[in-house]
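*Asks:* based on what follows, work out the 3D shape:
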Amino acid sequence: MTYDPASANPLGSNPLATRNDMQRALIDLFNPLLPYFSEGNARVRLDAAAAHFDRAAADLEGFARPLWGLAPFGAGGGHFAHWDRYADGIANGTDPNHPEYWGAVNGRDQRMVELAALGFALALVPEKIWDPLNSRAKDNLIAYLIHARQFDYADNNWKFFRIFVDIALDRLGVEYDRSLTEQYLTELEGFYIADGWYRDGNVRRIDHYIPFAMHFYGLIYSRLVDDDYAKRYRERALAFAQDFRHWFAQDGATLPFGRSLTYRFACAGFWSALAFADLEALPWGEIKGLCLRHLRWWADKPMTHRDGVLSIGYGYPNLLMSESYNSAGSPYWAFKAFLPLAVGEDHPFWTSPETPPAPLDKTVPLRHPGMVMMPCKGDVVALSSGQENRQMRFGSEKYAKFAYSTRYGFSVESDERAFAGGAFDSMLAFSDDGIHYRVRESNDEARLAGNVLYAKWSPWPDVVVETWLLPSAPWHVRVHRITTPRELETAEGGFAIARRDFEADTLLAASGSAHAIGAEDFSGIRDLGSSVAREGLAQKAPPNTNLIFAKTLVPQLRATIPAGETILRCAVLAVRHTSAVSGDWTRPPAAPDIDALRALAKQGESVSAMDAPGRMP
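*Replies:* Below you'll find the model as predicted:
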C-alpha cells in the first residue's frame, strides 16, 4: 500500500464536533512534541531548518506556543500530564546559569513574542506553572519578564505582547512601571480604522492578523481586565464578526490571504476568542459552526510530518511559501483555536447546536481591506486591491493578486527568471526581455465603487496600469488599461487547480481562451475583446508553488503589447464542477465599457488600507 501523507495528521479520525473532541485534538496534536523536549524541558527543537532569529529563540517558540491551547485546556479542567515539564522548563529557561537558558532580551527580539504565551498561561493557570516553582525560580522568572518588557516592541500587534506580560505580573502581585502598559494600549488605538477593522501597524496590511492577533488579544484582554479598553475591544469584535464571517466557505475553509498562513487553524482564533470572552457576536450556534468547521477542514490535509509534528506550510509541508521568521515551532500558533476549552461544557458555545453554514448568496464589498467577497458555488472568492507587503518575500503573491479563493488558494513564484513558465494565477505579469517579469506590488490608488474595485499601479516607473475588478458570480471580470513607452510581453492567469499524474487532465488552449479540467475542478480564462489578440495557454505550474495543491494547472492569456495604450479585458471562472465546460463556461459575462468604468472609479471611496504609508519604521 502506498503511504498516504495525510494519515499522519492527528486530526484525521476526530469528528471535531464536541468539547471532548476538541480536548482530544489538542492532546493528539501536542503529544508528537514530547520526544523533542530537551533534557531540562526548556527547549523544543523540531528540526534543523532556521529562522532569521537565533536557535535559542526558535527552541523557545516550540516550547511556548502550545501554551495558547494548553492554558485554556488546564483552566477548563482538562487533565494535562506534563505541567511538570513546563514548570521545569520555565525555571531552567529563565535561569542565566542553566545551559538551557533562553538568552536575554536586549532589544526587539523574537522572545518578546513567545513571552506573551507565557504571560497568558501565568494569568490563566498559575497553579500549574507558577506555584510549583521555588523562590529562586520565581525570582528569575520575574526578573526575566521585567527585563524583557522595558524594550521597544514592533509597531504592530506585538504591542499586545508587553500587555500580556503585564497582565501576568498583575496576577502575580509584582510591581512594575505601568506607564509602559498605558503607552502601548494608547498606541494600539492608533491602528483602529472603523467598523471593527484594524491595520496590523501603520502599514497597508489588513490580513488574518486582524482576527487572530488584534481581535484575539483584545478579546482575551476583555475577559482578564475590566476597563474602558476592554469595553472597546468587545464592541469592535461585535462589528468585525459581521464582516469576517464572509471569509469562510461552507466547507470551513478560510481565505488564504497574507502572511503567516503556516499558523493554519489559528484562523479560527477569532471565533474561539469570542467563546473565551463570552461574547455572542453572532448566534452561538453560528460561532461554533465557523470554529469547528474550520478545524474539520484541516482534518484530511497532509499538514504534518510522519511523526505528527506540524510542518511549515499550509495544505502540505512547504518551505517555499514561508516567511523568514518561520521556525519549525512557528506553526504551533495554530493552538490559538483551542481557547473554547477554557469555558465549561455548559457554556452556550458548547450547548448550542451547530448552525449549518449559511452560503454567501450575494457579493459583499469590504472597503477597509479593499475586497469584494463573491460567492462561487461553495467557494468564496475575494477580489482585492489596496494592500501590499514590500518588506517580506512573496508580498506580491500574498497581498497584491487580483483574486483570492478559499478553494484554490494562491501560488507563489519559484523562479524569478521564468516568465515563460510562471504560474501568475490571478495576476498580470509583464516582461521586457522574455525572462524576468514584474507584477503588481503596490498601488498608487485603490478605490471601491459599489461592488467594483479600481486600482492604479506601476510595474516600472514609466509603465502605468489601471485595473478594474468586477464580480459576476461565478465569474469575475478584469479590465486593464496599460500605458507603456515600449513593447512588453504579458501573461494573465486564472485560478490554479489540482493537477493529476499521467496527464489525466483535460487542457485546452485557443486564441482568446484557455481552460483546464481536473479530477473535480474546472478553471478557465476568456478574453473579452482586448485591443490586442491574446493566445491561451494551459500552464503546468512549477511544483510546490500553490498553498493547497502541490501540483497545479493555471489557464493563462498571453500577448505582446505595443508601446502606447492597450486595453485588456477578460473573464475568469473556477468551480468545483467539471461539467462547467458545457455550462457556465459557455455563458461568459459581457465586456464592460472602459469609459463607464473610468467614470465609476471617480465616484468610488478610497480603500482604507491605502491610508497608511505602507512601510514600517
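*Asks:* so what does the helix or strand bottoming out on mean pLDDT in the chain touch, helix or strand wise?
*Replies:* For the chain, scoring each helix and strand by mean pLDDT, DSSP states H and E identifies helix 594-603 as the least confident one, at a mean of 92. Applying 3 or more C-beta pairs under 8 Å, 6 or more residues apart in numbering; DSSP states H and E, one finds that helix 594-603 makes contact with strand 445-449, strand 452-460, strand 463-472, strand 475-484. In short, each C-beta sits where N, CA and C put it, glycine included.
*Asks:* rerun at 7 Å
*Replies:* Here helix 594-603 is seen to pack against strand 445-449, strand 475-484 when contacts are counted using 3 or more C-beta pairs under 7 Å, 6 or more residues apart in numbering; DSSP states H and E.
*Asks:* in TSV: the ones you listed, plus mean neighbour count.
*Replies:* Formatted as TSV, the entries for those read as follows, by neighbours: other C-beta atoms under 10 Å:
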stretch	mean neighbour count
strand 445-449	21
strand 475-484	22
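*Asks:* dump these to JSON lines, plus distance to Pro35 and mean pLDDT.
*Replies:* Output for the helices and strands packed on helix 594-603, formatted as JSON lines (distance: least, C-beta to C-beta, whole Å; pLDDT from 0 to 100):
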{"stretch": "strand 445-449", "distance to Pro35": "49", "mean pLDDT": "98"}
{"stretch": "strand 475-484", "distance to Pro35": "48", "mean pLDDT": "99"}
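*Asks:* now for the ones you listed, which one comes closest to Asp278?
*Replies:* strand 445-449 (34.5 Å; C-beta to C-beta).
*Asks:* which residues touch that closest one?
*Replies:* With contact meaning C-beta atoms under 7 Å, 6 or more residues apart in numbering, strand 445-449 is reached by 365, 367, 370, 385-386, 454-456, 600-601, 603-607, 610.
*Asks:* switch the cut-off to 10 Å
*Replies:* Around strand 445-449, the neighbours that count as contacts under C-beta atoms under 10 Å, 6 or more residues apart in numbering are 204, 365-368, 370-372, 383-388, 453-457, 466-469, 597, 599-610.
*Asks:* do a quick rundown of the helices in the stretch 251-400 of the chain.
*Replies:* Listed in chain order, the helices of the stretch 251-400 of the chain (DSSP state H, counting those that start in this stretch) span residues 269-277, 284-297, 348-351, 395-399.
*Asks:* which stretch among those comes nearest Tyr263?
*Replies:* With respect to Tyr263, and counting by C-beta to C-beta, the nearest of the helices of the stretch 251-400 of the chain is helix 269-277 at 8.6 Å.
*Asks:* now that closest one, how far from the centre of its chain.
*Replies:* In terms of C-alpha atoms, centre = their mean, to the nearest Å, the centre of helix 269-277 is found 17 Å from the chain centre.
*Asks:* likewise for stretch 24-40?
*Replies:* Counting by C-alpha atoms, centre = their mean, stretch 24-40 is centred 25 Å from the centre of its parent chain.
*Asks:* could I get the average pLDDT for that stretch?
*Replies:* If you average the pLDDT over stretch 24-40, you get 99.
*Asks:* can you give me the buried ones in that stretch?
*Replies:* Across stretch 24-40, burial judged by 16 or more other C-beta atoms under 10 Å covers 24-30, 32-33, 36-38, 40.
*Asks:* and those residues, which is closest to Met303?
*Replies:* Comparing the buried residues of stretch 24-40 against Met303 with C-beta to C-beta picks out Leu29 as the nearest, at 10.3 Å.
*Asks:* let me know the helix or strand that the closest one is in.
*Replies:* Counting by DSSP states H and E, the secondary-structure element that holds Leu29 is helix 19-30.
*Asks:* with Leu507 instead?
*Replies:* Here Leu507 is covered by strand 506-510, with elements defined by DSSP H and E.
*Asks:* next secondary structure after that strand?
*Replies:* Tracing the chain C-terminally past strand 506-510 and defining elements by DSSP H and E, one meets strand 513-517 next.
*Asks:* who does that following strand pair up with?
*Replies:* With DSSP bridges as the test, strand 513-517 is paired with strand 506-510 (antiparallel), strand 522-527 (antiparallel).
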